[in-house]
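[1] how would this look folded up:
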Amino acid sequence: MAERKRPRRTRERILETSLALFNRHGVPHVTTGDIADELNISPGNLYYHFGNKDEIVNELAAAFEARLAPLFADPRGRRISVDDLWLWLHLLFEQMWAYRFLYHDLDLLTARDRALGARFAALLRKGAVTVVQWCRAMIDDGMMRATNEEVDALAHNAMLVAAYWPSYDRVRHAERDEPQAPDAGRAAYQVMALFGPYLAPQARAHLDRLAAGYL
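    As a prediction, the model looks like this:
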């Protein structure tokens, strides 16, 4: 006899519905009442699980952190290629799209919630450290040439472009009735373009071939 699928608990449903509403409308435009109405539960039932909207946002941010954790593993100690970095950026942007509400109102959310601000700052630092590690691995393998200062600047610029690409892409396609998933390949290229001047000729030629399919 097939095992019955366990019904989702109310807390899980609240998080799932909140994520969908936040992604669609932005956190400032969604109330706990909206979430309760969408779930067809009483506000009291929602407050039993979460004391306020900020608690929901922070739990979703924690889930986002957990999904990013494997991407922030140290890549050194194995051979690294331009394809590996391109794939890493693809996966990063896919996770960012799944939790895009965090990027829609990034300045506002992190300014009004110090805990969320600290959490997001830590994510940016981890991302920058990971980019430095990617660069070190590529330099060690002869695919990239850059000074320590250039690597540090590149890491921060990569995080800057990645963090604000979702907002930029949303604004430049503001005429869309419904938001569409951004082209992860194009987003990856925008960050990869930062690496181009530092790549060895063969690696740069391969990057140009990859980019040709997105430009």
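[2] and the residue positioned nearest the centre of the chain, what pLDDT?
    The chain has Met96 as the residue nearest its centroid, 2.6 Å off, counting by Cα atoms, centre = their mean. Predicted confidence (pLDDT) at Met96: the value is 91.
[3] make 32 the starting number, not 1.
    I'll keep to 32 as the first residue from here, and by that count the last item is Met127.
[4] tell me how many other residues crowd the closest residue to Asn54 other than its chain neighbours.
    Residue nearest to Asn54 in three dimensions, not counting chain neighbours: Phe132, with 4.9 Å by Cβ to Cβ, 6 or more residues apart in numbering. Glycine gets a C-beta too; all of them are placed from N, C-alpha and C. Neighbour count for Phe132, taken as other Cβ atoms under 10 Å: 25.
[5] Phe132 touches Gly57, doesn't it?
    Yes - with contacts counted by Cβ atoms under 8 Å, Phe132 reaches Gly57, the gap being 6.4 Å.
[6] mind checking the SS state of the closest residue to Met175 other than its chain neighbours?
    Nearest residue to Met175, sequence neighbours excluded (Cβ to Cβ, 6+ apart): Met169, at 3.9 Å. Three-state call for Met169 (DSSP: H, G, I helix; E, B strand; the rest coil): helix.
[7] re the thing from before, residues in contact with the residue nearest to Asn54?
    Leu50, Phe53, Asn54, Gly57, Val58, Leu91 (Cβ atoms under 8 Å, 6 or more residues apart in numbering).
[8] does the second one touch Ala92 like I think?
    Going back to what we said before, that points to Phe53. No - contact criterion Cβ under 8 Å: Phe53 and Ala92 do not qualify, at 10.7 Å.
[9] out of those two, which sits in the busier spot?
    Between Phe53 and Ala92, Phe53 has the larger neighbour count (other Cβ under 10 Å), namely 25 against 20.
[10] could you verify that the more buried one is part of a strand?
    No - going by three-state DSSP, the assignment for Phe53 is helix, not a strand.
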